[in-house]
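S.K.: Next input, structure requested:
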Amino acid sequence: MQKSSTRVLGLLGGMSWESSAQLYALINREVATRQGGLHSARLLLWSVDFDEIATLQREDRWDEAGRLLGEAAAGLRRAGAGALMLATNTMHRVAPAIAAGGELPLLHLVDLTAAALKRQGIRRAALMGTRYTMAPGFYTERMQAQGIELLSPQGEDAEEVHRIIFEELCRGEVRDSSRQTLLRQAAQLATQGAQALILGCTELGLLLDDAVQQDCPLPFFDSTRLQAQAAADWLLAP
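M.R.: Predicted coordinates for the structure are as follows:
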């Protein structure tokens, strides 16, 4: 049995708790796989009330959301966290405020995803997520800075992805009809030149999992799994 790491990672979650619970499990499984025995991850979880955050999103009050999560990050630092991870794609929009508030390094999800894409030689990818994530801005610009072009559903298709996330997945509802909708959209994006599909919402892996990968022309890059691997990398680093 290997010696346990003494590093502690702070997770900002609850956005939604469904995906945070999955990320928590994946991180622990990754650590256990690498270390064996009864090892698990040293984690601190600050789980917010998502309704409050979702209201700030709808009302375009992103600065206020950043301050709120920055205060939570500071609480994780005081509790002993040595780095931060956001269990959400969308709230990386306010990642600078969170990192500044917590005064800790942030394992940035967009950078983790970009690195995974580049390792596979992918330079043009499809992105699915909330309307805030798919819109031009923080996610697309950070990817473009690393040489990766993004395509996303548009118009009614984009709104349907957003609806599926908020009205179904965030509530723990996994519907095959929605799965088929997303697979059809992915096939359309493949015809536009996408080489991969980024599951750019931490809940999407609940719907587009390994069991349906064979039904999609694009390989999945699941942001939640990538976060779990990066978390284990950090936790177990010398």
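S.K.: Any stretches of this protein with poor pLDDT?
M.R.: 1-5 (pLDDT under 70).
S.K.: mind listing the strands for it?
M.R.: Listed in chain order, the strands of the chain (DSSP state E) span 9-13, 43-47, 83-86, 124-128, 149-151, 197-199, 220-222.
S.K.: Tell me the helices and strands packed up against the last one.
M.R.: Looking back up the chat, that one is strand 220-222. In terms of contacts (3 or more Cβ pairs under 8 Å, 6 or more residues apart in numbering; DSSP states H and E), strand 220-222 is packed against helix 109-119, strand 197-199. Every residue, glycine included, has its C-beta placed from N, CA and C.
S.K.: elements contacting the shortest one?
M.R.: In this structure, strand 197-199 packs against strand 124-128, strand 220-222, helix 223-235, with contacts taken as 3+ Cβ pairs under 8 Å, 6+ apart.
S.K.: which one of these lies closest to residue 20?
M.R.: Proximity to residue 20, assessed across the helices and strands packed on strand 197-199 by Cβ to Cβ, is greatest for helix 223-235 (9.5 Å).
S.K.: buried stuff in that closest one?
M.R.: 223, 224, 225, 226, 227, 228, 230, 231, 232, 234, 235 (16 or more other Cβ atoms under 10 Å).
S.K.: any residues touching it, and which ones?
M.R.: The contact list for helix 223-235 (Cβ atoms under 8 Å, 6 or more residues apart in numbering) reads 5, 7, 9, 19, 22-23, 26-27, 29-31, 34, 41-42, 83, 85, 87, 89, 107, 109, 112-113, 116, 198-202, 204-205.
S.K.: How are the helices of the chain distributed by residue range?
M.R.: 17-35, 50-58, 62-79, 95-102, 109-119, 131-134, 138-144, 155-163, 176-191, 223-235 (DSSP state H).
S.K.: Reformat the helices and strands packed on strand 197-199 as TSV; add distance to residue 79.
M.R.: Output for the helices and strands packed on strand 197-199, formatted as TSV (distance: least, Cβ to Cβ, whole Å):
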stretch	distance to residue 79
strand 124-128	33
strand 220-222	28
helix 223-235	16
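S.K.: Just give the nearest non-adjacent residue to residue 102, would you?
M.R.: residue 73 (2.8 Å; Cβ to Cβ, 6 or more residues apart in numbering).
S.K.: Test my guess that the one you found contacts residue 10.
M.R.: Yes: the pair residue 73 / residue 10 is scored as a contact, 7.0 Å apart, by Cβ atoms under 8 Å.
S.K.: Are there residues contacting both of these two? Which ones?
M.R.: With Cβ under 8 Å, 6+ apart, residue 73 and residue 10 have common neighbours 46, 84, 102, 104.
S.K.: Run a quick neighbour tally on the third one.
M.R.: In other words, residue 102. 25 (other Cβ atoms under 10 Å).
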